[in-house]
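K.L.:
Task: produce atomic coordinates for the following.
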Amino acid sequence: MQRRKLGRTGFEVSAVGFGGIPIQRVDKETATAMLREALNQGINFIDTARGYLVSEELIGEALKELGRDKFILATKSMNRTYEGIKAELATSMKNLKTDYIDLYQFHNVRSFEDYEKLMSEDGAYKYAVEAKEKGLIKHIGISSHSADVLKTAVETDYFETIQFPYNAVERQGEDVFKRAKERNIGVIIMKPLAGGAISKGELAIRFILENPNVSVVIPGMDSVEQVIENAQPGKDGRGLSDEERAQVEREASELGTQFCRRCGYCAPCTIGIDIPTQFVLDSYYTRYNLQQWATDRYNAQAVSAADCIDCGICETRCPYDLPIRDMLKKVASHY
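P.N.:
A predicted model of the protein is given here:
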């Protein structure tokens, strides 16, 4: 596995890391098997978060068996207060069965108002600095879906890494990545498959690794087979062929920009609609010519897109500012 510098942290990270969102869907034994295979494949970077349900706990159990020192461990919290982040860090260390975190990140800093709260006198950043001085965390990073927020962050000396979505569809971060590299700030790539919307995972990862400003890409995985498949581009270092590049560009063109990345931040729905599932099913209906398959599964749901009460709460949570209510109405019109 190729290694890349993670900015000024001093870490040499695997070009492909382990994204910790989907692991919450598997049991303890499968999670441990996946991380064992990740180690076999040369993956040494794990990214998780307090908000990923049982992800931290499953990773902690695996590290107890495989060895904490085998991985560079990153986690995140969406709390913005001094006392809140103090409690969150303690919980993360307990879950992950460790007495230190290699990289502690402020999760999904959505706006400048959010950023200012984080950096205020009683904000979370102040405690992170104290925790770093105590050796509880080694380095501090920030994640966001806003390029403007990260443009501000990289011009400061507060953060050693940034994390941002990047794939063939979403390229708005490229200038930020370049500037981060110039300032010796590590660049961590989330959403390499645009939340599962991009079908060719290997090609998507190869596209990202062609960018020299990227430190590590963290695809989510929920099987040993996915670990092996996702690791390959980081092992052979091969770029895209002309034919593969055309495939990637064609799919990106078909997707456009108004689509669900399945991040789940819109949840919970007021009346229980599984919002990401509505869009997944509809992609099978509209993109993969599986109308009957999608219709059967859509109709089997207890609550579906057609039941939306138009409250709009989901839209206030979406980091991509998607018009979710209109999108649900479009889904419902197909059934």
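
K.L.:
What is the one helix or strand in the chain whose mean pLDDT sits lowest packed up against?
P.N.:
The helix or strand of the chain with the poorest confidence is helix 275-286; it has a mean of 85 (mean pLDDT, DSSP states H and E). Counting contacts by 3 or more CB pairs under 8 Å, 6 or more residues apart in numbering; DSSP states H and E, helix 275-286 packs against helix 291-299, helix 324-332. Yep, even glycine has a C-beta here, placed from its N, CA and C like the rest.

K.L.:
got the buried residues for the first one?
P.N.:
Applying a neighbour-count criterion of 16 or more other CB atoms under 10 Å, one finds 294, 298 buried in helix 291-299.

K.L.:
and the angle for it with helix 275-286?
P.N.:
Between helix 291-299 and helix 275-286, the angle comes out at 160 degrees (axes from the mean of the first three to the mean of the last three CA atoms, to 10 degrees).

K.L.:
re earlier: as TSV, the helices and strands packed on helix 275-286 with mean pLDDT and distance to residue 256 would be great.
P.N.:
TSV is the format used below for the helices and strands packed on helix 275-286 (pLDDT from 0 to 100; distance: least, CB to CB, whole Å):
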stretch	mean pLDDT	distance to residue 256
helix 291-299	89	20
helix 324-332	95	12
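
K.L.:
got JSON lines for those helices, with distance to residue 81 too?
P.N.:
As requested, those are exported to JSON lines (distance: least, CB to CB, whole Å):
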{"stretch": "helix 291-299", "distance to residue 81": "41"}
{"stretch": "helix 324-332", "distance to residue 81": "28"}
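
K.L.:
Got phi/psi on the residue nearest in space to the middle of the chain?
P.N.:
In the chain, the C-alpha nearest the mean C-alpha coordinate belongs to residue 190, at 4.0 Å (CA atoms, centre = their mean). For residue 190, the backbone dihedrals (degrees, to the nearest 10) come out as phi -100, psi 170.

K.L.:
Read off the pLDDT value for it.
P.N.:
Predicted confidence (pLDDT) for residue 190: 92.

K.L.:
quick one: the helices in this structure?
P.N.:
Ranges of helices in the chain, per DSSP state H, are 28-40, 55-66, 82-96, 112-119, 124-133, 147-153, 174-182, 201-209, 224-236, 242-255, 275-286, 291-299, 313-317, 324-332.

K.L.:
how about these in JSON lines, adding distance to residue 9?
P.N.:
Compiled in JSON lines, these are given as follows (distance: least, CB to CB, whole Å):
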{"stretch": "helix 28-40", "distance to residue 9": "20"}
{"stretch": "helix 55-66", "distance to residue 9": "19"}
{"stretch": "helix 82-96", "distance to residue 9": "18"}
{"stretch": "helix 112-119", "distance to residue 9": "20"}
{"stretch": "helix 124-133", "distance to residue 9": "12"}
{"stretch": "helix 147-153", "distance to residue 9": "15"}
{"stretch": "helix 174-182", "distance to residue 9": "13"}
{"stretch": "helix 201-209", "distance to residue 9": "19"}
{"stretch": "helix 224-236", "distance to residue 9": "19"}
{"stretch": "helix 242-255", "distance to residue 9": "30"}
{"stretch": "helix 275-286", "distance to residue 9": "33"}
{"stretch": "helix 291-299", "distance to residue 9": "44"}
{"stretch": "helix 313-317", "distance to residue 9": "31"}
{"stretch": "helix 324-332", "distance to residue 9": "37"}
